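> 3D model of this:
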Amino acid sequence: MPRHSLPLRRSLLSGLVLCLPALLAGRPALGAQQPALKPPAKPTTQAAAELTATQRQGAPQLTREDLEAFIDGIAPTQLATGDIAGMVVAVVKDGKVLFAKGYGYSDVALKKPVSVDSTLFRIGSISKTLMWTAVMQQVEEGKIDLDKDVNSYIDFKIPAPFGKPVTMTNLMTHTPGFEEVLKELFVTDTLMVVPLKTWLPNHLPTEIYEPGTTPAYSNYGATLAGYIVERMSGEQFDDYIDAHILRPLGMTNTTFRQPLPAALAPMMSKGYAKASDSAKAFEYVAAWPAGSVAATAENMTHFMIAQLQDGEYNGARILKPETAQLMHARLFGALDALPGMAHGFYEEGRNGHRVIGHGGDTQWFHSDMHLMLDDHIGFFVSYNSAGNGKGTGRAEIWHQFLDRYFPYTPPAVAPVSTAFADAHAVAGTYRSSRRSQTTFVASSELASQQAVTVNADTTISVQGMDDLAGNPIHFREIGPRVFRQVGGQEMVAFKTDPHGVMVMGNPFPFEVGQRASLVKNGKFNESILGFAIAMFLLTLLGWPLNAMLRRHYGAQPVLDDRYRMLRWVIRALCFANILFVCLVVKFFANLGDDIGALSSRSDGYLRFLQLIALIGALGAFVAIYYDVRSWRSTALWIWAKVWNTLLAVAFVGFALFLLNWHLLTTSLRY
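Coordinates of the predicted model:
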């Protein structure tokens, strides 16, 4: 449900799916009884206004006619190139809908066209912005204190292993310290969509960071916030959203509810992996406050206008102006030079403008919402297909919009004298702070680690951050460990945390990269696993080959019965380890078509996999014993003994891999 953070992390698990405490010292106290909601002054200055005017000189005027021609030239190409079924684009300006249009099909088989006012799209984690708005309403009423221990609001216990409570501020900035939760985030039928008071205690994640220190996107944290709204308001969450946000804003074709209400179900767009594939089943989100909304693009314009107009739409007010302005203010930033988190929204400034927004992903739907606060412009785009990855996507259409109507050239900076040393200081492999660190799926992070490398010209490149042509972006240092894209605007920055670990910030402030130790380095671990698998395979393949060679040369070593038995056991263990790897790969590969497999219905199968893994891990002791006996034998060739030693190393490496990535954990919470 969370949006893509970097091209890889835009994978399936990321789609599920979305430190300096800036402004904490200056943020007014929000007491439970009489909250003093005084937002900071807007950053707009006369100089900034003049800069904006200068930037716009020569740029096309942002009119409906020009914008329609512009989007008409982009959207159909995206659909055709990316094998995407349909999309919607909506733009608001100065309190009115400037442009809204659907492209392609909501049902490919029936050739049903997408409509902006009668086609529902799943907006994924953009749903959170409605939920965070509900939180701010409760803050306004004095029922929620942003800095109070959330245990004060719930009927179960959030442990505090670091001696520091989790607050609503932590939840809104994705800094509660929780590891990733994947199990039963998406489910296959409504029977598995249980009440929040049931789902939350049964999926409580381990706290792996001290609250308020490390951003790590958390669907669980957002769902917890939704439950707090439910408890503090005394209304079921869906009912509260309907009564206090959707109806006041006239969003009659929007809902968190699952299954969809009867009146809305016929309007739901089909979801697709690719337009050329068959339609997929409706996606049920068990953690529904974090991402279950289905909405029309027309309805989303109401919400954007309300946010841009400080909580008011068409005479209806959902937030006081000071509350809305506070909601949009920066609340936390891991690195000062990069965008930070507001109260649920995240900053994503570009082209010299401050922008806040949110992205959203389900398995099939992919959306973005951007709010240019000082320009009173909102931009919403949503696709009903994952596509083939070949077409430009939501980020590109947004960037092209900005480049056309708000052209901008980043200011030149003087060369940094320490660029060479700084580039080498930050080089290394980084693991995302958003990860399942203690669970059965911990090894999934191996696919998301990023290497930072130094180029010959002292620039750096970050694995997974590529330009539209697929070439690695080069980042040049523009300040102390702050790097900007050569010829572009993307930025990364680095700092050392209190534990001495190098931290990398990227344009998405809800997670950071943490330089991996050797034990957790993906390439190192993959090398160990690759060596082990190669040894297991070659041992099995060499079995018949050795038999043929012995027969050809008439060499039949005299081996005792125990050694012969051990040799059969070793072969069986090699087969078991290879079988385990194949079944695990198959399980995760199948998630592309059945994300609901990450649920209790797979518990038995996962226990079966763990049993095979346990046999393989214990096989390390057998392999060591087998190796020792082989060296004592006078009947074996020296090369057979060397091979057995390498095989013992492979078994030990495989066992350590299993333990290192918690594949033998007794808990099936993940």
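> show me where the stretch 101-250 of the chain has its helices.
127-140, 168-172, 196-202, 219-233, 237-241 (DSSP state H, counting those that start in this stretch).
> out of the ones you listed, which comes closest to Asp310?
Smallest distance to Asp310 across the helices of the stretch 101-250 of the chain (Cβ to Cβ): 11.8 Å, for helix 127-140. Bear in mind the C-beta positions are built from the backbone N, C-alpha and C, glycine included.
> what mean pLDDT does the closest one have?
Taken as a whole, helix 127-140 carries a mean pLDDT of 98.
> now stretch 199-214
97.
> that one: how far from the chain's middle?
16 Å (Cα atoms, centre = their mean, to the nearest Å).
> check stretch 144-157 too.
With Cα atoms, centre = their mean as the basis, the mean position of stretch 144-157 lies at 26 Å from the chain mean.
> quick check: end-to-end length of it?
End-to-end distance for stretch 144-157: 17 Å, by Cα to Cα, to the nearest Å.
> I'd like the average pLDDT over that stretch.
The average pLDDT within stretch 144-157 is 98.
> closest to Thr439 out of the helices of the stretch 101-250 of the chain?
Among the helices of the stretch 101-250 of the chain, helix 219-233 comes nearest to Thr439, with 12.6 Å by Cβ to Cβ.
> which neighbouring elements make contact with the closest one?
Secondary-structure packing of helix 219-233 (3 or more Cβ pairs under 8 Å, 6 or more residues apart in numbering; DSSP states H and E): helix 127-140, helix 168-172, helix 196-202, helix 237-241.
> can you list the helices of the stretch 101-250 of the chain in JSON lines and add distance to Met502 and mean neighbour count?
Output for these, formatted as JSON lines (distance: least, Cβ to Cβ, whole Å; neighbours: other Cβ atoms under 10 Å):
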{"stretch": "helix 127-140", "distance to Met502": "30", "mean neighbour count": "25"}
{"stretch": "helix 168-172", "distance to Met502": "24", "mean neighbour count": "25"}
{"stretch": "helix 196-202", "distance to Met502": "34", "mean neighbour count": "16"}
{"stretch": "helix 219-233", "distance to Met502": "25", "mean neighbour count": "24"}
{"stretch": "helix 237-241", "distance to Met502": "40", "mean neighbour count": "21"}
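> nearest to Ala337, out of these?
Closest of the helices of the stretch 101-250 of the chain to Ala337 is helix 168-172, at 21.8 Å (criterion: Cβ to Cβ).
> for the closest one, output the C-alpha coordinates as CSV.
The C-alpha trace of helix 168-172 is given here as CSV (Å, rounded to 0.1, in the frame of the first residue of the first chain):
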residue,chain,number,x,y,z
MET,A,168,0.5,9.7,17.7
THR,A,169,3.3,12.0,16.4
ASN,A,170,5.4,8.8,15.9
LEU,A,171,2.5,7.1,14.0
MET,A,172,2.0,10.1,11.7
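> where does this structure dip in pLDDT?
Counting by pLDDT under 70, the ranges of the chain that qualify are 1-57, 391-392, 544-559.
> OK, contacts around the nearest residue to Phe345 once chain neighbours are set aside?
Take Phe345 and drop its neighbours on the chain: the residue closest to it by Cβ to Cβ, 6 or more residues apart in numbering is Ile356, 4.1 Å away. Counting by Cβ atoms under 8 Å, 6 or more residues apart in numbering, Ile356 makes contact with 328, 342, 345-348, 370-371, 373.
> what does Ala90 give?
If you count contacts by Cβ under 8 Å, 6+ apart, Ala90 has them with 97, 99-101, 116, 297-298, 300-301, 304, 378-381.
> narrow those residues to those that are buried.
Neighbour-count burial (16 or more other Cβ atoms under 10 Å) applied to those gives 97, 99-101, 116, 297-298, 300-301, 304, 378-381.
> so which of those sit within strands?
Among these, the members falling in strands (DSSP state E) are 97, 99-101, 378-381.
> if we can go back for a sec, Asp560: which of the buried ones among the contacts of Ala90 is nearest?
The closest of the buried ones among the contacts of Ala90 to Asp560 turns out to be Val381 (Cβ to Cβ; 71.9 Å).
> got phi/psi on Met267?
phi -90, psi -10 (degrees, to the nearest 10).
> any idea what the closest residue in space to it that isn't next to it in sequence is bridged to?
In this structure, Met267 finds its nearest non-sequential neighbour in Leu120, 4.8 Å apart by Cβ to Cβ, 6+ apart. Legend: beta-bridge partners of Leu120 under DSSP bridges are Met268.
> Leu120 reaches Pro266, doesn't it?
No: Leu120 lies out of contact with Pro266 (Cβ atoms under 8 Å); the separation is 9.4 Å.
> ok, these two, which is more surrounded?
Taking other Cβ atoms under 10 Å, Leu120 and Pro266 do not tie; Leu120 has more neighbours (26 against 9).
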